[in-house]
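[1] This is a predicted model, with the sequence first.
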Amino acid sequence: MSAPRLTRAALAEAGTPLPASPVRIVHIGVGAFHRAHQAWYTARAGDGWGIAAFTGRDAAVAQRLAPQDGLYTLVERGPDADRFEVVGSIAEVHASTEIARFLELFASPSTAVVTVTVTEQGYHLRPDGALDLSSPAIAADVRALYAGGHPTTPIGRIVRGLAERRRAGAGPIAIVSCDNLPANGDRLRAAVVDLAEAAGLTGVADRASFVSTSVDRITPHELDIDAVERATGWRDEAPVVTEPFSDWTLSGEFPAGRPRWEDAGARFVDDIEPFEQRKLLLLNGGHLQLAFQGLLRGHETIADAMRDADCLRALDDFWAEAARTVGPAVDPEAYCAALRERFENPRIAHRLAQIAADTVTKLRLRIVPVVEAERAAGRDAAGALSVVAAWSRCVAEGVLPDGAVRDAPAEAVATLVSGVDATDASAIAAAAATLKESVHTL
Ligand SMILES: NC(=O)c1ccc[n+]([C@@H]2O[C@H](COP(=O)([O-])OP(=O)(O)OC[C@H]3O[C@@H](n4cnc5c(N)ncnc54)[C@H](O)[C@@H]3O)[C@@H](O)[C@H]2O)c1
Ligand SMILES: O=P(O)(O)OC[C@@H](O)[C@@H](O)[C@H](O)[C@H](O)CO
């Protein structure tokens, strides 16, 4: 006999009720990470905040989660064992196209927080951090906003939501970026303001607070449905596998209140930059080094690459330089020591191909800053440049997954790659500089 589907009614019937809390948070981009991180912190805080979660663009996750009333199992996968927990903070879940409900909630006085995880590409930013108004999706949103129609990008949806909120007189709100971008709150604010101005809605963001965050929890894209059913006795079509470690550092105001996320371990700081740099350069930059070196050597996952002495040497060379860029205030050595154990977790199947998506943007934000800092200090940046060289070999040898260079024009990538010879440091440095300028086309 098959196991019963995980729903709130089924849990209540089993004597373990998990009622939904009233919605006070709207989330945009309900992928794996939101469920492993912000939704889990909100559930752990336990002070009665419910989330209305909307997908970023495709409806698949909503179709799996909605029949379960937003419930899902979080599998914390340690090196030796799994821990299972049903998370109940998502009170309702919708596809991105359900814009009427999105606007109703956005404009409601009881909604206090909007969180966002839509990947770097979801922001449609140019390399200089400004909104790419030439992107077809953003241009279409400008037209839709002018005509009073429905925007489709996350930035367009936020602008429209803020306009509705202003019309409703609902008061200020906090908008919290949880994507792996430096100064993510500032970048999100700039994009929203640029789009609002282009669409004749100047001033809609004036009373919103854009909170910057550094988010950290390795969450591979794994769907362990049968294992969850065997372990828990529930049929869950949307479980999430994540590591036991978790970190969330936030900086900014919450004018309408927020959950007590600090009770679940979140940290609130005045200056987020050192935390952000430590995470983006050491973890995400280290991931890129392992992804490119690992793909070149035929590995599949981070844990596989960590068992290869050549990959480890390359990682250490990069880390030595990145740690100098981060600076001693946030103890990068201790962070790297802990990271080494996290990366080695043999039961986390974090695929190199997942990490190697949209590599031009990631190299620009996670590797080039180390190249620049090292060269500014008169050093050769050999460790950081080895990441760029490995990337270019991956492109030339065709070992990157589909989508790995979709964030730059094909000709620009071809020129870059043909100019890079792994033995020629100045050619690699020139490529790194070009990466910084390259304009994505989405
Ligand atoms: N997975 C992790 O380990 C992890 C850890 C820290 C931070 N993050 C951040 O969270 C983001 C999402 O990761 P995930 O694991 O949830 O991925 P996911 O693929 O499970 O979900 C991504 C979400 O973003 C939306 N999206 C993607 N591209 C978009 C676009 N161009 N426009 C609008 N929406 C778009 C998708 O529809 C989906 O809702 C990452 O890109 C990163 O910035 C992830
Ligand atoms: O999520 P991305 O694609 O920005 O980066 C890939 C990984 O480096 C990333 O998901 C890390 O696992 C995560 O940032 C850990 O907190």
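    Looks like it came in fine. Ligands and ions are numbered 1, 2, ... in the order given.
[2] What is the neighbour count of the closest residue to ligand 2 within the stretch 51-200 of the chain?
    Using C-beta to the nearest ligand atom, the single residue of the stretch 51-200 of the chain nearest to ligand 2 is Asn180, 3.8 Å away. C-beta: built from backbone N, CA, C; applies to glycine. Asn180 is flanked by 21 other residues according to other C-beta atoms under 10 Å.
[3] What sits closest to it if chain neighbours are left out?
    Ranked by C-beta to C-beta, 6 or more residues apart in numbering and with sequence neighbours excluded, the top spatial neighbour of Asn180 is Asn284, at 5.8 Å.
[4] Show the backbone phi and psi for the residue of the stretch 51-200 of the chain closest to ligand 2.
    phi -80, psi 70 (degrees, to the nearest 10).
[5] Thr115 too?
    Here the main-chain torsion angles of Thr115 (degrees, to the nearest 10) amount to phi -110, psi 160.
[6] Name the residues of the stretch 1-150 of the chain found near ligand 1, please.
    Contact residues (C-beta under 6 Å from any ligand atom) of the stretch 1-150 of the chain with ligand 1: 29-34, 55-58, 117-119, 121-122.
[7] mind redoing it with 8 Å?
    Within the stretch 1-150 of the chain, the positions near ligand 1 by C-beta under 8 Å from any ligand atom are 28-37, 55-58, 61, 96, 117-122, 124, 137.
[8] out of the residues you listed, who's near ligand 2?
    Phe33, Thr119, Glu120.
[9] so where is the protein shaky, pLDDT-wise?
    Judged by pLDDT under 70, the chain has its weakly predicted residues at 1, 419, 421-423, 438-442.
[10] pretty sure Val413 is touching Val405, no?
    Yes. With contact defined as C-beta atoms under 8 Å, Val413 reaches Val405; the gap is 4.8 Å.
[11] hey, what's in contact with both of those two?
    Counting by C-beta atoms under 8 Å, 6 or more residues apart in numbering, the shared contacts of Val413 and Val405 are Val360, Val395.
[12] Compare those two (neighbour count), which wins?
    In this comparison of Val413 against Val405, neighbours counted by other C-beta under 10 Å, the higher total goes to Val405 at 25 against 21.
[13] and the more buried one, what is it in contact with?
    Val405 makes contact with Thr359, Val360, Val395, Val413 under the criterion C-beta under 8 Å, 6+ apart.
[14] again with Asp247
    So, once contact is read as C-beta under 8 Å, 6+ apart, Asp247 ends up touching Ser214, Val215, Asp216, Arg217, Gly265, Arg267, Lys279.
[15] Quickly note the distance from it to ligand 1.
    Applying C-beta to the nearest ligand atom, to the nearest Å, the value for Asp247 to ligand 1 is 10 Å.
[16] picking up where we left off before, which ones among the ones next to ligand 2 among the residues of the stretch 1-150 of the chain next to ligand 1 are found in helices?
    Residues of those located in helices (DSSP state H): Phe33.
[17] now the ones next to ligand 2 among the residues of the stretch 1-150 of the chain next to ligand 1 as TSV including neighbour count and distance to Thr42?
    Formatted as TSV, the entries for these read as follows, by neighbours: other C-beta atoms under 10 Å; distance: C-beta to C-beta, whole Å:
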residue	neighbour count	distance to Thr42
Phe33	22	14
Thr119	17	21
Glu120	21	24
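[18] now the ones next to ligand 2 among the residues of the stretch 1-150 of the chain next to ligand 1 in JSON lines, with distance to Ala107?
    Below are these laid out as JSON lines (distance: C-beta to C-beta, whole Å):
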{"residue": "Phe33", "distance to Ala107": "27"}
{"residue": "Thr119", "distance to Ala107": "26"}
{"residue": "Glu120", "distance to Ala107": "28"}
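[19] nearest to Thr232, of the ones next to ligand 2 among the residues of the stretch 1-150 of the chain next to ligand 1?
    Phe33 (21.7 Å; C-beta to C-beta).
[20] what about Thr73, which SS state?
    At Thr73, secondary structure determined by DSSP: H, G, I helix; E, B strand; the rest coil is strand.
[21] swap in Ala140?
    Ala140 falls in the helix class when you classify it by three-state DSSP.
[22] for it, what are its contacts?
    When contacts are counted by C-beta under 8 Å, 6+ apart, Ala140 is found next to Pro151, Thr152.
[23] List buried residues within the residues of the stretch 1-150 of the chain next to ligand 1.
    Among those, the ones that count as buried by 16 or more other C-beta atoms under 10 Å are 28-37, 55-57, 61, 96, 117-122, 124, 137.
[24] just to revisit the earlier point, residues touching the residue of the stretch 51-200 of the chain closest to ligand 2, list them.
    When the contact criterion is C-beta under 8 Å, 6+ apart, the partners of Asn180 are Glu120, Val215, Leu280, Asn284.
[25] Which helix or which strand is home to Leu11?
    Element membership for Leu11 (DSSP states H and E) is helix 8-13.
[26] All set now, cheers.
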